[in-house]
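Engineer: Need a 3D model of the following:
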Amino acid sequence: MESLLEKYGYMPDAEEISKSLDVIAANIDNMASDDVLIACLSMMDLTTLRTEDTPASVEKLVGKVNSFMKEYSDYPLPASICVYPNFASTVRKGLVSSDVHVTCVAGCFPSSQSYLEIKVRECEMAVENGADEIDIVLALNSFMCGDYESARAEIRAMRAAVDAAGAKAGRKVVLKVILETGLLVAPEKIAAASFLAMEEGADFIKTSTGKVPVNATPVAAYVMCECIRKYYAATGRKVGFKAAGGISNAKDAVSYYMIAKTILGNEWMNRDLFRFGVSRLANSLISSIEHKNVVFY
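Structural biologist: Numbers count the residues shown, from 1 in each chain. As a prediction, the model looks like this:
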């Protein structure tokens with residue numbers, strides 16, 4: 001872990017992070033302009049990951065995205081709809097706009113506890129059935145005991161699988177690696193996991209699954225964005241950031257938006273490099289823009 005931090009010349013500074021987050025928090029109300037809220041709306045991975053999801057419930061969500069274009073024509077569509085892999089074809093078949101991607105969690109989400117062959121095949125099948133983007137979970141069973149090479153190997157294998165399946169389908173597939181920062185806890189571990197995932201080909205690093213007690217936090221987001229900045233300075237490759245888990249209101253969204261903007265700059269503030277994983281946020285954003293209660297999704 002220390003070698004990764006030394007390689008990129010980064011050590012999280014708790015005092016500096018706290019001061020920076022305090023400044024951002026103190027100015028949130030001034031930063032929450034309609035333009036920022038609309039930008040946040042465009043960066044959502046609109047998500048349903050419930051045990052009780054059915055083809056009908058997923059079709060209903062897709063239908064809402066399709067009808068959103070007519071009812072709120074001045075507003076952007078979400079970046080993607082995120083579902084379990086078995087619903088990839090349901091979303092792909094139902095979507096009207098090609099601008100909205102199909103995102104699938106895969107690799108035995110949310111625990112990543114299974115055989116690598118199963119994780120790889122699930123990623124492949126998701127792409128074969130229409131996924132444009134795959135969200136996998138860092139193998140914490142390896143990472144947490146210091147077996148970083150095994151954690152790396154799993155990301156490499158799933159990266160290769162989605163690339164090969166994507167090539168057959170004629171499209172580039174985005175790979176997001178979920179660090180599950182609420183379980184890593186220590187900023188140093190979050191930083192090491194960030195660098196490890198980026199080195200093995202992650203297009204995005206993502207905070208959380210939303211399935212553990214502690215999910216996205218401002219501190220984790222800050223550390224991850226600093227790592228992205230350091231990695232870009234060292235390699236010239238831009239990696240995206242995705243905040244997910246417990247982000248349910250417009251104020252939260254603006255907070256994460258401003259953390260990323262403060263550290264990474266305006267060039268990261270687009271759907272190619274910044275995302276929210278959300279199930280409830282959309283209505284809050286629309287309500288804040290419209291200045292009235294809106295329940296659309």
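Engineer: In the stretch 151-297 of the chain, what residue spans correspond to helices?
Structural biologist: 181-184, 187-199, 218-235, 250-264, 281-290 (DSSP state H, counting those that start in this stretch).
Engineer: what angle do the last one and helix 250-264 make?
Structural biologist: Meaning helix 281-290. Relative orientation of helix 281-290 and helix 250-264, computed by axes from the mean of the first three to the mean of the last three C-alpha atoms, to 10 degrees: 90 degrees.
Engineer: Just the mean pLDDT for helix 281-290, thanks.
Structural biologist: The average of the pLDDT scores along helix 281-290 is 95.
Engineer: Check which helices and strands that helix sits against.
Structural biologist: For helix 281-290, the elements it packs on are helix 34-42, strand 44-47, helix 250-264, judged by 3 or more C-beta pairs under 8 Å, 6 or more residues apart in numbering; DSSP states H and E. All C-beta atoms are positioned from the backbone trio N, CA, C, and that covers glycine.
Engineer: Packing partners of the second one?
Structural biologist: Helices and strands touching strand 44-47, by 3+ C-beta pairs under 8 Å, 6+ apart, are strand 80-83, strand 240-244, strand 274-278, helix 281-290.
Engineer: Got the confidence number for the closest residue to Arg271 other than its chain neighbours?
Structural biologist: Closest residue to Arg271 apart from its sequence neighbours, by C-beta to C-beta, 6 or more residues apart in numbering: Ala79 at 4.2 Å. Looking at Ala79, its pLDDT reads 98.
Engineer: distance of Ala79 from Ala153?
Structural biologist: Ala79 is 29 Å from Ala153, where distance means C-beta to C-beta, to the nearest Å.
Engineer: More neighbours: those two, which one.
Structural biologist: Higher neighbour count among Ala79 and Ala153: Ala79, with 24 against 15, using other C-beta atoms under 10 Å.
Engineer: That one and Cys145, how far apart?
Structural biologist: Distance of Ala79 to Cys145, given as C-beta to C-beta: 35 Å.
Engineer: Leu46 reaches Ile81, doesn't it?
Structural biologist: Yes. Counting by C-beta atoms under 8 Å, Leu46 touches Ile81, with 5.2 Å between them.
Engineer: Identify the contacts common to these two.
Structural biologist: Contact with both Leu46 and Ile81 is made by residues Leu61, Val65, according to C-beta atoms under 8 Å, 6 or more residues apart in numbering.
Engineer: need the contact list for the spatially most central residue of the chain.
Structural biologist: Nearest residue to the geometric centre of the chain (C-alpha atoms, centre = their mean): Lys242, 3.1 Å. In this structure, Lys242 makes contact with Asp45, Asp135, Lys176, Phe204, Ile205, Lys206, Thr207, Phe274, Arg275, Phe276, Gly277, judged by C-beta under 8 Å, 6+ apart.
Engineer: what's across from it in the sheet?
Structural biologist: For Lys242, the beta-bridge partners are Lys206, Arg275 (DSSP bridges).
Engineer: Distance check, it against Ala193.
Structural biologist: 14 Å.
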